[in-house]
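*Asks:* Test case, fold it:
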Amino acid sequence: MSASIRIVGHRLPGTTCLGYRNIHVGVQRRQEVVDLAPGDADEVAFDVPLDVAADEAGTYFRGPYTHGPRAQRFVYLSWGELPAAGTFAMFRRAKLHLSGLPEHVHAALAAGHAVEAHLDLTDRSGGPLCAAIPPAAIRWTV
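*Replies:* Model (predicted):
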């Protein structure tokens, strides 16, 4: 079965900060960062398809956008510089964990429904959000 998460980012940090220029954010599919958006966009949205699987241990998610061990899966939002005539060079990533989802979100995904995750993409220092995203920082809608 398949399901999807639409990750909607608000309050981006801009295209210049921490010594980096022309900052973009994208979602990581396997080793490639796709759907790049500029760091000064008003809002960004990434559609992340998931495969839903189940066995005796329970329901879990897999697919090209998922990373990490089965019981600790997550989706990467990757930040990098995108020179005018160059290649995206990642410098920071944020993890949106799929384990520990609120029960209603997990149930919706397990049933094959689409959900949305809304979050601010600027950290407390004014830079691009990175590391594990605290669950309280994500507003889920089913």
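
*Asks:* most distant residue from the middle of the chain?
*Replies:* Largest separation from the mean C-alpha position in the chain: E56, at 27.9 Å (C-alpha atoms, centre = their mean).

*Asks:* Would you mind measuring from the residue nearest to P135 when sequence neighbours are not counted to R30?
*Replies:* Distances taken as C-beta to C-beta, 6 or more residues apart in numbering put G100 closest to P135, at 6.5 Å, once the chain neighbours are dropped. Glycine gets a C-beta too; all of them are placed from N, C-alpha and C. Relative to R30, G100 is positioned 23 Å away (C-beta to C-beta, to the nearest Å).

*Asks:* ok, back up a step: would you double-check that the residue nearest to P135 falls in a strand?
*Replies:* No - checked against DSSP: H, G, I helix; E, B strand; the rest coil, G100 lies outside a strand; its state is coil.

*Asks:* quick one: terminal-to-terminal distance for stretch 66-82?
*Replies:* 24 Å (C-alpha to C-alpha, to the nearest Å).
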